[in-house]
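Enquirer: Mind looking at a prediction? Sequence and model below.
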Amino acid sequence: MTDQTPVLRLEGIVKTFPGVRALDGVSFDVRPGEVHALMGENGAGKSTLMKVLGGIHAPNEGQIFVGEEPVTMTSPKQAKAKGVVFIHQELSLAGELTVAENMFLGELPLKSLGRVDWRKLYDDTDAILKTLNVRFNAKTRVGDLSIANQQMVEIGRALTVSPRAVIFDEPTASLTDSEKVVLFQVIAGLQAKGVGIIYISHRMEEIFKITDRISVLRDGQYRGTVNTADTNEDEVTKLMIGRSLDLSRSPVSHELGDVALEVKGLACGDLFQDVSFKLHKGEVLGFYGLVGAGRTEIAETIFGLRNPSAGQILLNGQEVQIHSPIDAVRHGISLVPEDRKDQGLVLGMNCRDNMTLPQVDDLTAGPFVSDGAEIAIFDQYRDKLDIRTPGWRQLVGNLSGGNQQKIVIGKWLSMRPDVLIVDEPTRGIDVGSKSEIHNLIRELAAQGYAVIVISSEMPEVLRVSDRIVAMFNGSVMREFTSEEVTEDNLIQAISGMGAKVA
Amino acid sequence: MQLTKQDIGRLLAKQGILIAFAVFMIGFALANQRFIAVDNIAGVIRSSAILGVMALGVTFVVIGGNLDLSVGSMMSFSTIVVLDLHDKIGPALAIPAMFALTLCLGAFIGFLVGYLKLNSLIVTLGMLSAIHGLTLTWSGGKNMDIADKAGTWFSFFGQDRIMGIPVPILIFALLAALLAMLLSKTPFGRKVYAVGGNGQAATFSGIPRARVVFYTYLISAFCVAVAGLLQASRSLGSQNTVGQGMELEVLAAVILGGASLLGGSGTVFKTVIGVLILGFIQNGLLLVGLDFYVQYIVTWAIIILAVWLDVAAKRGRLWSPIA
């Protein structure tokens, strides 16, 4: 394979922004039929590199080659014409249009007088869909498809040209395990056709399962390329963050306190039914289940974002009525929501103001917000959570994902909650920050906080939880202690196999 | 500290509107000396005061992520009501009555947009028309005049001076200072930015989004009432359409000041600058001898240019294939 001309080759790419060297001499190549992983922490330069490849940023130095030909990318459309196509993490489809229209958007086949050649459009689309082995057809409205199928439409769109290189950016971020299998089959199909693939992901299992080589970026610098078969997670992590990580479960031994939160027979319409559990002070209770199992909805109900149709919520033994987040905050419940950008942060606001937002009413001197009190809180939690930011005036939108998440955690921790609910604590966060956040959650429990962690990642739940609630289809299937739980029995419980264990 | 290229870029992006304003002033001043005469400048500020007062209130609404297109027709209403009541119940009662009625209109809009979560563009566009109808119903379609124009103290707000400074300018400055503090220094102000910047995140932070939006419309209505008072007091008589078209000028001033129509950004100070720029542009065009009607065209051309330069500064180039 080594004697083949690479489909895509980058040589000494440098991209500087005012004050930042975002890419500092990046060189690597993608061979035909290869899946090439691109890894690096958030902020390492992966996105910038992709924007250079897609013609959105012009590199200051360096050269891109497609095959033997040196090219200058000027726009995503031109990149596509050269055979370099992108499958983005955030889907960019028009929900009201059909699959066919989306796939050929901007290049619909035409007949005379500028009329669309619908027959050719639908035939071409169905021919591509057939190779993807999907169950919908060209005339399906995209808005009616699941996220996984919408992703297939994106892939189909890439196949409308004969691509030489396809770039997947975090393609599995919102896919279930079975959907991933289908995606990997499609990727294997592309490989077989000799297409070169760049695969960007934080998920080590996937990287080791499907890629041939791994290239690593750190702080905008190219740290090297290794053959996947010759390396291991630890080595890749070292390349990425410059040190190794302890990913093993490290339970902190401490006494459990009183029951902080008790939920009895809680239900909310069709979303979940008859949910009961207890949460002690000093304990981390994990909620594990598939997307749509009702975990987030339970958290939102406890936090007053949804009204329960039945059941009771007891805090420190007292029943409470929670009709809005305002009530929840007053009762000492905090929720770190699953979607950091939409629900957790005001991206156009600075770090300090984001962090103090829920308690701004209490941080006053006379009628005015007290700068001193706010900065004191910010400084305290910046140090405690090791948030890396040039200063509190920095807009939150400019921080890396890990630091943004720490701002949200700091925001809710500074409320000194009795119950802290963390929904998907490390979604879209690089490995280094991920393990820091895991350690932090354990540490909070050791300090006596009562913590609920909701996660779709099994290693995460296993690592941080003292007990695990397994959910399937809106019901609690089983509760595990950390001694009982294994990957097998947990998977069985969340996929609805076996009877419900009370 | 040394000024690097990057600092200059940041300064341009942040204070671009002020710099553009300065360049513009110098340009007109060179073209016509009269432009920078003290009496001309005072005249411009004075004639901008009513528009300015309204723009202060709309700033809150826009930062909160909504629009208010009803302010022009609401100002006509306030003016007509206070003039009518002046002769019926006397100015001392007419003024608070007018404020109460105008605030009711603001509360109604705030209820529809804040609590019922209706689209603010549709609601305030509808209210623009509905309030115009209300005004005509109140006046019977006739112009409203105060009978004894020479003998009322009511002319104080629009016509008098304190220590040589026209009262409308003083009221504009005082209100601007108060609202600037409310917006930048108080918890309420912070919540307005949060709700406009990301409403969902605000809700998830325990901020009562509906109530915050409600209050922004109440503030807007209060400012309209003040503007109506100034207008009525200045002319002591009015047509039913006195505020017609001002909603767009007000919005123009707020945008020129750099507030984002998407919400979450802008300041009272910037709006004041926007109001002055608008006033000076229109004055400058007259002074260089352009027909009054040309103002409409040039004003909007400049506003669109300002919006374009604003987004261009944010994304670092004049044109971009992605947003």
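Expert: Ah, there it is.

Enquirer: C-alpha only now, for contacts and for neighbours.
Expert: OK.

Enquirer: Closest residue of the stretch 151-300 of chain A to chain B?
Expert: Proximity of the stretch 151-300 of chain A to chain B (Cα to the nearest Cα) peaks at residue A:300, 9.5 Å away.

Enquirer: Tell me, how many residues neighbour that residue?
Expert: 21 (other Cα atoms under 10 Å in any protein chain shown).

Enquirer: quick check, it in a helix?
Expert: Yes - counting by DSSP: H, G, I helix; E, B strand; the rest coil, residue A:300 is found in a helix.

Enquirer: Pull up the gap between the closest residue to it other than its chain neighbours and residue A:411, please.
Expert: Excluding the flanking residues, the one nearest residue A:300 by Cα to Cα, 6 or more residues apart in numbering or on different chains is residue A:306, at 6.0 Å. For residue A:306, the distance to residue A:411 equals 22 Å [Cα to Cα, to the nearest Å].

Enquirer: do residue B:210 as well
Expert: 22 Å.

Enquirer: One more: residue A:492?
Expert: Remark: distance between residue A:492 and residue A:411 (Cα to Cα) = 36 Å.

Enquirer: which one of those two has more residues nearby?
Expert: Legend: neighbour count by other Cα under 10 Å for residue A:492 and residue A:411, higher for residue A:411 (29 against 15).

Enquirer: element containing the more buried one, please.
Expert: helix A:401-413 (DSSP states H and E).

Enquirer: hmm, that helix touching chain B?
Expert: No - applying Cα under 8 Å from any Cα of the partner chain, one finds helix A:401-413 out of contact with chain B, separated by at least 8.8 Å.

Enquirer: repeat for stretch A:368-378
Expert: Yes - for stretch A:368-378 and chain B, the contact criterion (Cα under 8 Å from any Cα) is met by A:368, A:369.

Enquirer: That stretch: how far from the chain's middle?
Expert: Here stretch A:368-378 shows a centroid-to-chain-centroid distance of 32 Å under the convention Cα atoms, centre = their mean, to the nearest Å.

Enquirer: in that stretch, what's buried?
Expert: A:368, A:369, A:370, A:374, A:375, A:377, A:378 (16 or more other Cα atoms under 10 Å in any protein chain shown).

Enquirer: Up against chain A, what does the stretch 151-300 of chain B have?
Expert: So the stretch 151-300 of chain B meets chain A at B:185-187, B:190-191, B:194, B:197-198, B:200-208, B:264-265 (Cα under 8 Å from any Cα).

Enquirer: Tell me how many other residues surround the nearest residue to residue B:229 once chain neighbours are set aside.
Expert: Setting aside the residues directly before and after it, residue B:229 is nearest to residue B:79 in space (Cα to Cα, 6+ apart), at 6.3 Å. Residue B:79: 33 surrounding residues under other Cα under 10 Å.

Enquirer: contacting residues around residue B:79?
Expert: B:228, B:229, B:231, B:232, B:238 (Cα atoms under 8 Å, 6 or more residues apart in numbering or on different chains).

Enquirer: ok so the second one is a helix residue?
Expert: Yes - assessed by three-state DSSP, residue B:229 belongs to a helix.

Enquirer: Next up, phi/psi of the residue most central in space within chain B, please.
Expert: Among the residues of chain B, residue B:55 comes closest to the average C-alpha position under Cα atoms, centre = their mean, at 1.2 Å. Dihedral angles of residue B:55 (phi, psi; degrees, to the nearest 10) stand at phi -70, psi -30.

Enquirer: low-confidence ranges in the chain?
Expert: In the absence of a named chain, this looks at chain A. A:1-3, A:18-20, A:42-43, A:89-90, A:243-254, A:497-502 (pLDDT under 70).

Enquirer: I was thinking of chain B, sorry if that wasn't clear
Expert: If you take pLDDT under 70 as the line, chain B has these spans: B:1-17, B:310, B:312-323.

Enquirer: 90 instead, please
Expert: In the predicted model, chain B carries pLDDT under 90 at residues B:1-43, B:46-47, B:148-152, B:164, B:245, B:252, B:255-263, B:277-278, B:280-323.

Enquirer: can you give me the strands in the stretch 101-250 of chain A?
Expert: A:165-169, A:196-200, A:213-218, A:221-227 (DSSP state E, counting those that start in this stretch).

Enquirer: residue contacts, residue B:147?
Expert: Here residue B:147 is in contact with residue B:87 (Cα under 8 Å, 6+ apart).

Enquirer: Could you look up the SS state of it?
Expert: Using three-state DSSP, the structure places residue B:147 in coil.

Enquirer: Now do it against chain A, distance only.
Expert: Residue B:147 is 44 Å from chain A, where distance means Cα to the nearest Cα, to the nearest Å.

Enquirer: Check residue B:230 too.
Expert: In terms of Cα to the nearest Cα, residue B:230 sits 29 Å off from chain A.

Enquirer: Now for the closest residue to that residue other than its chain neighbours, how many residues are close by?
Expert: Nearest non-adjacent residue to residue B:230, counting by Cα to Cα, 6+ apart: residue B:158, 4.9 Å away. When neighbours are counted by other Cα under 10 Å, residue B:158 registers 23.

Enquirer: hang on, residue B:158 packs against residue B:168?
Expert: Yes - look at residue B:158 against residue B:168 with Cα atoms under 8 Å: they come within range, at 5.8 Å.

Enquirer: Identify the residue nearest the residue nearest the centre of chain A in space, chain neighbours excluded?
Expert: Centroid-nearest residue in chain A, with Cα atoms, centre = their mean: residue A:428, separated by 3.1 Å. Spatial nearest neighbour of residue A:428, excluding adjacent residues (Cα to Cα, 6+ apart): residue A:401 at 6.9 Å.

Enquirer: Next one: the one you found relative to residue A:132, how far apart?
Expert: In terms of Cα to Cα, residue A:401 sits 33 Å off from residue A:132.

Enquirer: Dump stretch A:164-171 to CSV, keeping only the CA atoms.
Expert: In CSV, the C-alpha atoms belonging to stretch A:164-171 read as follows (Å, rounded to 0.1, in the frame of the first residue of the first chain):
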residue,chain,number,x,y,z
ARG,A,164,-11.3,10.9,-3.4
ALA,A,165,-11.2,11.8,0.3
VAL,A,166,-14.1,11.9,2.8
ILE,A,167,-13.7,13.6,6.1
PHE,A,168,-15.8,12.5,9.0
ASP,A,169,-16.0,14.9,11.9
GLU,A,170,-17.2,13.2,15.1
PRO,A,171,-19.7,11.1,13.1
